[in-house]
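Engineer: sequence and predicted structure, then a few things I'm wondering about:
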Amino acid sequence: MNAKVWLVGAGPGDPELLTLKAVRALREAEVVLIDDLVNDAVLEHCPTARIIAVGKRGGCRSTPQAFIHRLMLRYARQGQCVVRLKGGDPCIFGRGGEEAQWLRERGVEVELVNGITAGLAGATQCDIPLTLRGVARGVTLVTAHTQDDSQLNWQALAQGGTTLVIYMGVAKLDEIRDQLLAGGMAADMPVAMIENASLPEQRECRSDLMSMGNDACRFGLKSPAILVIGAVAAAVENQRSAAFGSAYRSRPRAGAAAGCDL
Ligand code: SAH
């Protein structure tokens, strides 16, 4: 039997956002290597599989990537059905590409299964249409965190006219604000910060580019969270207040007037 590994996206957290294909892979799995942003609830689909936690949470003790590679290889070569389960989509800031390449170079068959990435899920769950017609012609997914500290082209991002969805940005809000302001983005550009997207604990903090650091601090924003920066972050709220006038109670903002009780 050919050694095979499924690299599967578990979606942003809500188990109902798993794909049917992910469920099928989990049902067949004998070994599941699971990241720590994956909601354990999805494991109901693989009750008899051996579950191995190989989390890599930023700043915490983490499983070395080389060890994860070797584990997948060992179980696959034993002929076991291996599922490597990752939060969101395996190929969006998830090392899916690297793991697939490493395994294929060693003769292991790899099948990638999409998951709904946190940035897209979080926005939709908060009623933010990332490419609202007439408002944003595109969306750019970026990470604020890199291993080599290489710099993004912030000026291009600030002036590109697409909605920005920023992953791993909670600890870098001030730097992101400074870079986008320096790049020419308006200080009052709407921002939504979405924590634990799609989970029952989901929280959202609405702000703007200038105030997002202070507002996030008051709000107590914690990882995992994504930032949505762009006019779409306020578009639906604006439409609703225009349609319903004073009868529409907009969600409280995290600013000074609203306090920290969001
Ligand atoms: N492959 C994942 C991303 C992994 S990088 C995906 O496609 O979603 C980890 C970052 O993803 C976190 O720091 C956070 O920015 C974001 N993230 C993951 N799950 C999240 C969630 N439920 N809510 C908000 N952000 C999340």
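Structural biologist: Cool, got the structure.

Engineer: which SS class is L173?
Structural biologist: helix (DSSP: H, G, I helix; E, B strand; the rest coil).

Engineer: contact partners of the host helix or strand of L7?
Structural biologist: According to DSSP states H and E, L7 maps onto strand 4-9. Under the contact criterion CB atoms under 8 Å, 6 or more residues apart in numbering, strand 4-9 has outside partners 19, 22, 25-26, 29, 72, 76, 81-90, 94, 96, 99-100, 103, 108-117. Glycine gets a C-beta too; all of them are placed from N, C-alpha and C.

Engineer: how is the chain partitioned into domains?
Structural biologist: For the chain, the structural domains run 4-113, 118-241, going by the TED database.

Engineer: could you dump the ones you listed to JSON lines with mean neighbour count and mean pLDDT?
Structural biologist: Below are these laid out as JSON lines (neighbours: other CB atoms under 10 Å; pLDDT from 0 to 100):
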{"stretch": "domain 4-113", "mean neighbour count": "18", "mean pLDDT": "93"}
{"stretch": "domain 118-241", "mean neighbour count": "18", "mean pLDDT": "94"}
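
Engineer: which of these sits closest to the ligand?
Structural biologist: domain 4-113 (1.9 Å; CB to the nearest ligand atom).

Engineer: tell me if the closest one is near the ligand.
Structural biologist: Yes: using CB under 6 Å from any ligand atom, we find that domain 4-113 touches the ligand at 12-13, 37, 86-89, 92-94.

Engineer: from those residues, which two are the most distant?
Structural biologist: G13 and F93 (15.6 Å; CB to CB).

Engineer: if we can go back for a sec, partners of the strand holding L7 in the sheet?
Structural biologist: Using DSSP bridges, the strands paired with strand 4-9 in its sheet are strand 82-86 (parallel), strand 109-113 (parallel).

Engineer: check which element follows that strand along the chain.
Structural biologist: Immediately after strand 4-9, counting by DSSP H and E, sits helix 20-28.

Engineer: following that next one, which helix or strand comes up?
Structural biologist: strand 31-34.

Engineer: sorry, back to before: and the strand holding L7, how far from the chain's centre?
Structural biologist: Relative to its chain's centre, strand 4-9 lies at 19 Å (CA atoms, centre = their mean, to the nearest Å).

Engineer: which phi and psi does the spatially most central residue of the chain have?
Structural biologist: Centrality entry for the chain: nearest residue to the mean C-alpha point is A118, 3.0 Å, by CA atoms, centre = their mean. The phi/psi pair for A118 (degrees, to the nearest 10) reads phi -60, psi -40.

Engineer: next one: R203
Structural biologist: According to degrees, to the nearest 10, R203 has phi -140, psi 150.

Engineer: equivalent analysis for A100, please.
Structural biologist: With angles defined as degrees, to the nearest 10, A100 sits at phi -60, psi -40.

Engineer: then V139?
Structural biologist: phi -140, psi 140.

Engineer: show me what contacts it?
Structural biologist: Neighbour list for V139: 130-131, 162-165 [criterion: CB under 8 Å, 6+ apart].

Engineer: out of the strands paired with strand 4-9, nearest to P190?
Structural biologist: Among the strands paired with strand 4-9, strand 82-86 comes nearest to P190, with 30.1 Å by CB to CB.

Engineer: now the angle from the closest one to helix 20-28?
Structural biologist: 130 degrees (axes from the mean of the first three to the mean of the last three CA atoms, to 10 degrees).

Engineer: which residues in this structure form helices?
Structural biologist: Remark: helices assigned in the chain by DSSP state H are 20-28, 65-77, 96-105, 118-125, 154-159, 173-182, 212-219, 232-244.

Engineer: in CSV: these, plus distance to A197.
Structural biologist: Converted to CSV, those look like this (distance: least, CB to CB, whole Å):
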stretch, distance to A197
helix 20-28, 17
helix 65-77, 25
helix 96-105, 19
helix 118-125, 3
helix 154-159, 21
helix 173-182, 17
helix 212-219, 15
helix 232-244, 14
